[in-house]
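A.B. asks: Sequence plus predicted model, see below.
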2 protein chains.
Amino acid sequence: MVKVGVAILGLGVVGGGTYKILTDNKEYFKKTQGVDVTVESVLEKYVERAKQLGIDEEKVASSIEEVVANPNVDIVVEVIGGVEPARTFVLKALSCGKTVVTSNKELFAKFWPELEAMAKSTNAGLFFEATCVGGVPIIRALQESMQANKILSLKGIINGTTNYILTKMSNEGSTYEEALKEAQRLGYAEFNPTADVEGFDATYKLSILSSLAFNTKVAIDNVHREGITALTKEDIFYGKQLGYTIKLLAIGKNTENGVEVRVHPTFVANSNPLASVNDSFNAVYLLGDSVGEIMLYGRGAGALPTGSAIVSDVIFAAKHAENFYTTFDNSEKGVKDTKFVSDFSSQYFIRLSVADNAGALSKITGLLAKSNISIKDIKQFAGVDGKVTMIIVTHVCQESALNRVLDKIKVLEEVYSVDSLIRLED
Amino acid sequence: MVKVGVAILGLGVVGGGTYKILTDNKEYFKKTQGVDVTVESVLEKYVERAKQLGIDEEKVASSIEEVVANPNVDIVVEVIGGVEPARTFVLKALSCGKTVVTSNKELFAKFWPELEAMAKSTNAGLFFEATCVGGVPIIRALQESMQANKILSLKGIINGTTNYILTKMSNEGSTYEEALKEAQRLGYAEFNPTADVEGFDATYKLSILSSLAFNTKVAIDNVHREGITALTKEDIFYGKQLGYTIKLLAIGKNTENGVEVRVHPTFVANSNPLASVNDSFNAVYLLGDSVGEIMLYGRGAGALPTGSAIVSDVIFAAKHAENFYTTFDNSEKGVKDTKFVSDFSSQYFIRLSVADNAGALSKITGLLAKSNISIKDIKQFAGVDGKVTMIIVTHVCQESALNRVLDKIKVLEEVYSVDSLIRLED
């Protein structure tokens, strides 16, 4: 039997879930894993939270120094979130040789090399399964199962809040504001929802996942990021008419031209399984050169799903003396050598408001044809006042080329406005 | 850089795929994993196969003794399949302290404790990710990611051959015989298809997966097994009318009454994502007490997907000195203490041929009601000669109770025949 002591930094939703799993399943872990885990210390400024969980007051530490000075603490679980004080606490724990398990995607996306260097210097473990896609073992899959493959691409729905909002907009025809309000009421969205709805959270996760998938540090600044706040119910309505569902997709590709990483609203064909990933569920597709396509699906957030990932890291760290570091090249040189694609290609969904006459269509298609942008689908919907809503779906083309044509289309006399341009995946 | 030498036993489809990945990606593995893998030896009675792969003739060993005597061989990959000579070869390699990586589900399901005991005795590694669901990392997920959970159930499509046949029967209205012939023509089914179509292959895999999920050795004799050979196109047709798709499901449950493990044709509601897993794709749902539902999906077989799982085990073994053994209780006592459920409960799809008069329905529903078997759906389809096809879908009930009622229903004068009884999942 391996005995291991854990400290939990932060008793919010995930910290509480982690504590619950560790205490409720203590006997089960002893029996099935040969590991006896005890929560020896917690660090939480609202002592009330500790009391509500039934934690002895004497286990509530008053500082990180007190936590790391506790000889019974082997593993420090950091579930505070955000950069500070989490960064200082994690570095402190690692510097004392304590293994760290974290769910903190922002910290990890921004300071991974620094954290890993510190962990290596004291031979401490550093585990982060819980940073991405909750209880779905995507990190372990990338580190220990897909390493026989060159990962060619990954595509995923990796933020539950926005997926809840978009599902609601899609199913109920709500506006963004209405859906956000409902998500906040149910606790799926924060009072300040920026990190989720502007795509920062998904960007942190994509940075981590694509670094592992493509074996090079992908900084958050390399990720093209767009949130969901500008989406209208009109776009969603017309997308539906053509067989597409709107999702906030995280896309990573490793091509001959370089690494391409982006987070943005995307129309997904209804035949694509990602179109059916609803509410707060997450899913990630990986395309490997040997394995082909694999998909992992599950709850991307929540006390117990994220707690499950944390506890699996705790048990893993307890059972295995060896430490597992990331082997990709995160040196200055390695990072500088990686090329990133900024002018990417995609299929596109274009919504325009045009005059109700025969000339509009022929002029628009003529301009697209001249730039070799080929059209997959066009539908026109009668409007009022002699206006027509025109939807054009293109085949794959370069975004910069498409934007140049749209500049010309915008000024046609038959065109009232180009209302939206949304990327699209089959 | 870690240098590691591999021997491949058997150069069939999977052996060839493994060789190809190891050689094609050699430089990539050096760069990204810090592991330099060389195929040092192969054991294959058809030397022609080695030549076709471009393997030096001097690397073709003539016996297992020659393979294990080669000091350059650290890891032995067994991809022969079947029990003998694979068992003898694997035990020999383990007894010499060589780490073994295998895709052999039959060997593993039947002799796991013996293999693991031998591995432990010489401190050799024993890896078997490739035994189940091809390149999908289900074994690693159960061993290293889901261990924070009590796994309550698993449900999956884990045999590609039968899924191909059933997809074909379903989409094209073919008979079983027609679909099997097409599967054989395309190489998805063997000339002797028994292992797949009678459910043996899925039983081996379910035995392995449920042993890991439920932390006790589940022997293949504990698995209730039914194949797909008795399915008719009529069943599939009527199932479709009610919104169900036929699948060969592997189901494992860990309940208060014991462990329940079964492989059989099952109607799956079209709203269940498993209904959309088509052709040779596989998918497994796991329900954990913390993580909730997660799903893994991908190609369950084939040279490169299975090769991907093998090579990931090879790299894992090369990178980590520590060995990972299964911790569940596979002693005689542990196995004897596990209770298995044989009289299980399910929803059911019943197809009957009855007289075209009002009495049939009321008598049948009366008998079901008397046994407290409640009905979810009934549909009648007009036939010829005054016969009607009646389909009854029940809510969850005990199978033994249902069979007792069916014995009474069979002898009603209004009933010509009870044509099929198929289990059903929402």
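C.D. replies: Structure's in. What do you need?
A.B. asks: what does the stretch 151-300 of chain A have sitting close to chain B?
C.D. replies: A:215, A:273, A:276, A:288-299 (CB under 8 Å from any CB of the partner chain). Every residue, glycine included, has its C-beta placed from N, CA and C.
A.B. asks: Need the max-distance pair from these.
C.D. replies: A:N215 and A:S276 (31.1 Å; CB to CB).
A.B. asks: Counting neighbours, go ahead and name the busier of those two.
C.D. replies: Legend: neighbour count by other CB atoms under 10 Å in any protein chain shown for A:N215 and A:S276, higher for A:N215 (24 against 16).
A.B. asks: Let me see the mean pLDDT of stretch A:411-422.
C.D. replies: The average pLDDT for stretch A:411-422 rounds to 95.
A.B. asks: Now do it: everything it contacts.
C.D. replies: A:232, A:234-235, A:239, A:246, A:265-267, A:348-355, A:357, A:359-360, A:363-364, A:367, A:387, A:402-403, A:406, A:409-410 (CB atoms under 8 Å, 6 or more residues apart in numbering or on different chains).
A.B. asks: How about that stretch, which residues are buried there?
C.D. replies: Residues of stretch A:411-422 classed as buried: A:L412, A:E414, A:V415, A:Y416, A:V418, A:D419, A:S420, A:L421, A:I422 (neighbour count, 16 or more other CB atoms under 10 Å in any protein chain shown).
A.B. asks: now the fifth one, what's its secondary structure?
C.D. replies: In terms of secondary structure, A:V418 is strand; the call rests on DSSP: H, G, I helix; E, B strand; the rest coil.
A.B. asks: do the same with the last one
C.D. replies: In three-state terms, and counting by three-state DSSP, A:I422 is strand.
A.B. asks: Tell me where the model's unsure across the stretch 251-400 of chain A.
C.D. replies: Low-confidence segments of the stretch 251-400 of chain A (pLDDT under 70): A:327-336.
A.B. asks: name the element the residue of the stretch 301-426 of chain A found nearest chain B belongs to?
C.D. replies: Closest residue of the stretch 301-426 of chain A to chain B, CB to the nearest CB: A:V311 (3.5 Å). For A:V311, the element it lies in under DSSP states H and E is helix A:303-319.
A.B. asks: Helices along the stretch 301-426 of chain A, start to end?
C.D. replies: Applying DSSP state H, counting those that start in this stretch to the stretch 301-426 of chain A gives helices spanning A:303-319, A:332-337, A:358-370, A:399-410.
A.B. asks: And the third one, how far out from the chain middle?
C.D. replies: So the one you mean is helix A:358-370. In terms of CA atoms, centre = their mean, to the nearest Å, the centre of helix A:358-370 is found 39 Å from the chain centre.
A.B. asks: Now do the residue lying closest to A:N70 once chain neighbours are set aside, the pLDDT please.
C.D. replies: Residue nearest to A:N70 in three dimensions, not counting chain neighbours: A:S41, with 5.3 Å by CB to CB, 6 or more residues apart in numbering or on different chains. Here, the pLDDT recorded for A:S41 equals 98.
A.B. asks: doesn't A:M295 make contact with A:Y285?
C.D. replies: Yes. At 5.0 Å, A:Y285 counts as touching A:M295 under the criterion of CB atoms under 8 Å.
A.B. asks: Next, count neighbours for A:A119.
C.D. replies: A:A119 has 24 neighbouring residues, counting by other CB under 10 Å.
A.B. asks: for it, what are its contacts?
C.D. replies: So A:A119 contacts A:L94, A:V100, A:G125, A:L126, A:N323, A:Y325 (CB under 8 Å, 6+ apart).
A.B. asks: How about A:N72?
C.D. replies: A:N72 neighbours (CB under 8 Å, 6+ apart): A:G5, A:T38, A:E40, A:S41.
A.B. asks: Chain B: which of these is nearest?
C.D. replies: The closest of the contacts of A:N72 to chain B turns out to be A:T38 (CB to the nearest CB; 15.4 Å).
A.B. asks: and A:T266, helix, strand or coil?
C.D. replies: Secondary structure assignment for A:T266 (three-state DSSP): strand.
A.B. asks: Can you point out the helix or strand that includes the nearest residue to it once chain neighbours are set aside?
C.D. replies: Nearest residue to A:T266 in three dimensions, chain neighbours excluded: A:L249, at 4.1 Å (CB to CB, 6+ apart). Per DSSP H and E: A:L249 is located in strand A:244-255.
A.B. asks: Need the CA coordinates for stretch A:11-29. CSV is fine.
C.D. replies: Coordinates of the C-alpha atoms in stretch A:11-29 are reproduced here as CSV (Å, rounded to 0.1, in the frame of the first residue of the first chain):
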residue,chain,number,x,y,z
LEU,A,11,-11.9,24.9,-2.5
GLY,A,12,-14.1,26.2,-5.3
VAL,A,13,-16.2,24.0,-7.5
VAL,A,14,-13.4,21.8,-8.7
GLY,A,15,-11.5,21.8,-5.4
GLY,A,16,-14.7,20.7,-3.7
GLY,A,17,-15.3,18.0,-6.3
THR,A,18,-11.8,16.7,-5.9
TYR,A,19,-12.1,16.6,-2.1
LYS,A,20,-15.4,14.7,-2.4
ILE,A,21,-13.9,12.0,-4.8
LEU,A,22,-10.8,11.6,-2.7
THR,A,23,-12.8,11.1,0.6
ASP,A,24,-15.8,9.2,-0.8
ASN,A,25,-13.6,6.7,-2.7
LYS,A,26,-10.8,6.4,-0.3
GLU,A,27,-11.4,2.7,0.5
TYR,A,28,-12.1,1.9,-3.1
PHE,A,29,-8.7,3.4,-4.1
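A.B. asks: quick one: it to chain centroid distance?
C.D. replies: Its chain's C-alpha centre and that of stretch A:11-29 lie 24 Å apart, by CA atoms, centre = their mean.
A.B. asks: ok, now stretch A:128-145?
C.D. replies: Offset of stretch A:128-145 from its chain centre (CA atoms, centre = their mean): 12 Å.
A.B. asks: same check, this time on stretch A:147-157
C.D. replies: Centre-to-centre, stretch A:147-157 and its host chain are 15 Å apart (CA atoms, centre = their mean).
A.B. asks: That one - what's its average pLDDT?
C.D. replies: Mean predicted lDDT for stretch A:147-157 stands at 96.
A.B. asks: Get me the contact residues on the stretch 1-150 of chain A for chain B.
C.D. replies: A:17, A:21, A:25, A:28-29, A:31-34, A:129, A:134-137, A:140-141, A:144-150.
A.B. asks: Can you pull the residues that touch both of A:Y285 and A:M295?
C.D. replies: In contact with both A:Y285 and A:M295: A:P273, using CB under 8 Å, 6+ apart.
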